[in-house]
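Trainee: kindly return the folded structure for what I paste below:
(2 chains)
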Amino acid sequence: MSDIRIDKINVKIIRMLQNDARTSFKDIAKECNVSLDTIKNRFNILKKNGVIRGSTIIVDPKKMGEGNLVIIGIQVLQQFSESVLNMIKKMQGLCVVTKSIGQYDIEAIFLLKDIEQIGITKEKIENFPQVKVANVGIFVDKPLLCPKNFEFEFE
Amino acid sequence: MKLDKIDFTILEMLIDDARISFREIGRKLQVSPYTISKRFEKLKKERVIVDSTVIIDPEKVGYSFTARFGIDVKPSYSSQVLDEIIKIPSVIVASKLVGKYDLISIIVVKNFEHLCDLRETILEMPYVEKVEIGLWIKTMELCPKYFLI
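Mentor: Numbering: from 1, shown residues only, chains lettered A, B, ... in the order given. Okay, the predicted model is just below:
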């Protein structure tokens, strides 16, 4: 796929949609002083090129009755990070898991219902024979998401 | 606010695609677009829906990796520091934490120089005592529900 040029109009489209994903193309067109079709076209190209992966709403997990976000930092025995990673991928409530360089070898974020679930999840990870340490951190309140701050430059 | 089946369907469909039309959601639930629109407004008012956004691929706009910052602050100043961290461009998630650190932040990073700058910026903030960094590699696609990368 060819690289896409992120020019002024594209930045504006992305910015407006980052602020409110449901902004109408009409409003964006007005703001950019171009036609509705231009915006539609550009949006489709941005999507096709994978610059815009999709759109979503941000919900408060507590209000949906979904519980707590938890980050678990994991240290593993040498050379086992891949297999531990794969095991964690299968676990319930997982939001993201990644290899990491730093204090931990693997970091994973889970969405778990209650303290009991947090305990069970931690224990499960600690019980993997290749795992040395699993440290838990619980997100307080809902995390602040700042996609609006997510800045990038354009040519 | 107690959520019913209609609310959950609306939320699920919007989490999947925030730009989906109310008409389409209405069709699936066999209710009018007007009902959906009213429900949507209510979910927003009750802060079940906090916000909406597009998900950008950081690599396509000049970022090369993601870093997790664990931050320790002087006791009772974590809210204050959190407010400052949120303002840093390229911060995607920030939260208070119970655990090893007082605050946690997930940040997209352009290069190592940028990473150093970010670290210094945070270290120079008043009341910040320690910053510990984990560089994320081979990160699976983040669940867009809560992490907007």
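Trainee: near residue B:8, how many other residues are there?
Mentor: 12 (other CB atoms under 10 Å in any protein chain shown). C-betas here are computed from N, CA, C, even on glycine.
Trainee: give the residue farthest from the middle of chain B.
Mentor: Relative to the centre of chain B, the most outlying C-alpha is that of residue B:30, 32.1 Å out, by CA atoms, centre = their mean.
Trainee: is residue B:82 in a helix, a strand, or coil?
Mentor: The local conformation at residue B:82, judged by DSSP: H, G, I helix; E, B strand; the rest coil, is helix.
Trainee: residue contacts, it?
Mentor: A:144, B:94, B:95, B:96, B:103 (CB atoms under 8 Å, 6 or more residues apart in numbering or on different chains).
Trainee: what count of nearby residues applies to the closest residue to chain A within chain B?
Mentor: For chain B, the residue closest to chain A is residue B:99, as judged by CB to the nearest CB, at 2.9 Å. Neighbour count for residue B:99, taken as other CB under 10 Å: 17.
Trainee: picking that back up, distance of the residue farthest from the centre of chain B relative to residue B:47?
Mentor: Distance of residue B:30 to residue B:47, given as CB to CB, to the nearest Å: 28 Å.
Trainee: and residue 22, what does it touch?
Mentor: Picking chain A for this. B:18, B:19, B:52.
Trainee: try chain B instead
Mentor: Here residue B:22 is in contact with B:33, B:34, B:36, B:37, B:40 (criterion: CB under 8 Å, 6+ apart).
Trainee: repeat the analysis, applying 6 Å as the threshold.
Mentor: B:33, B:36, B:37 (CB atoms under 6 Å, 6 or more residues apart in numbering or on different chains).
Trainee: what sits closest to the second one if chain neighbours are left out?
Mentor: So that's residue B:36. residue B:22 (4.1 Å; CB to CB, 6 or more residues apart in numbering or on different chains).
Trainee: just say helix, strand or coil for residue A:97.
Mentor: On the basis of three-state DSSP, residue A:97 is classed as strand.
Trainee: wait, it touches residue A:107, no?
Mentor: No. Residue A:97 lies out of contact with residue A:107 (CB atoms under 6 Å); the separation is 7.3 Å.
Trainee: residues near the closest residue to chain B within chain A, how many?
Mentor: As assessed by CB to the nearest CB, chain B sits closest to residue A:137 within chain A, at 2.9 Å. Residues lying near residue A:137 (other CB under 10 Å) number 23.
Trainee: flag the shaky bits of chain A, pLDDT-wise.
Mentor: A:1-3, A:141-155 (pLDDT under 70).
Trainee: show me chain B divided up by domain.
Mentor: B:5-45, B:58-136 (automatic domain parsing).
Trainee: could I get these as JSON lines with mean pLDDT and distance to residue A:62?
Mentor: Shown next, in JSON lines, are these (pLDDT from 0 to 100; distance: least, CB to CB, whole Å):
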{"stretch": "domain B:5-45", "mean pLDDT": "95", "distance to residue A:62": "14"}
{"stretch": "domain B:58-136", "mean pLDDT": "91", "distance to residue A:62": "13"}
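Trainee: can I get these in CSV with distance to residue A:120?
Mentor: CSV is the format used below for those (distance: least, CB to CB, whole Å):
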stretch, distance to residue A:120
domain B:5-45, 25
domain B:58-136, 17
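Trainee: hey, which of these is tucked in deepest?
Mentor: domain B:58-136 (a mean of 18; mean count of other CB atoms under 10 Å in any protein chain shown).
Trainee: for residue A:105, phi and psi?
Mentor: phi -90, psi -30 (degrees, to the nearest 10).
Trainee: that one against residue A:76, yeah?
Mentor: Yes. Because the distance of 4.8 Å satisfies CB under 6 Å, residue A:105 is recorded as touching residue A:76.
Trainee: hang on, residue B:134 in a helix?
Mentor: No. Secondary structure of residue B:134 (three-state DSSP): strand, not part of a helix.
Trainee: and the helices in chain B?
Mentor: Counting by DSSP state H, the segments of chain B that form helices are B:5-16, B:22-29, B:33-45, B:78-85, B:112-123.
Trainee: so for residue B:59, which of the ones you listed sits nearest?
Mentor: In terms of CB to CB, the element of the helices of chain B nearest to residue B:59 is helix B:112-123, at 14.2 Å.
Trainee: from the chain's centre, how far out does the closest one sit?
Mentor: With CA atoms, centre = their mean, to the nearest Å as the basis, helix B:112-123 stands 21 Å off its chain's centre.
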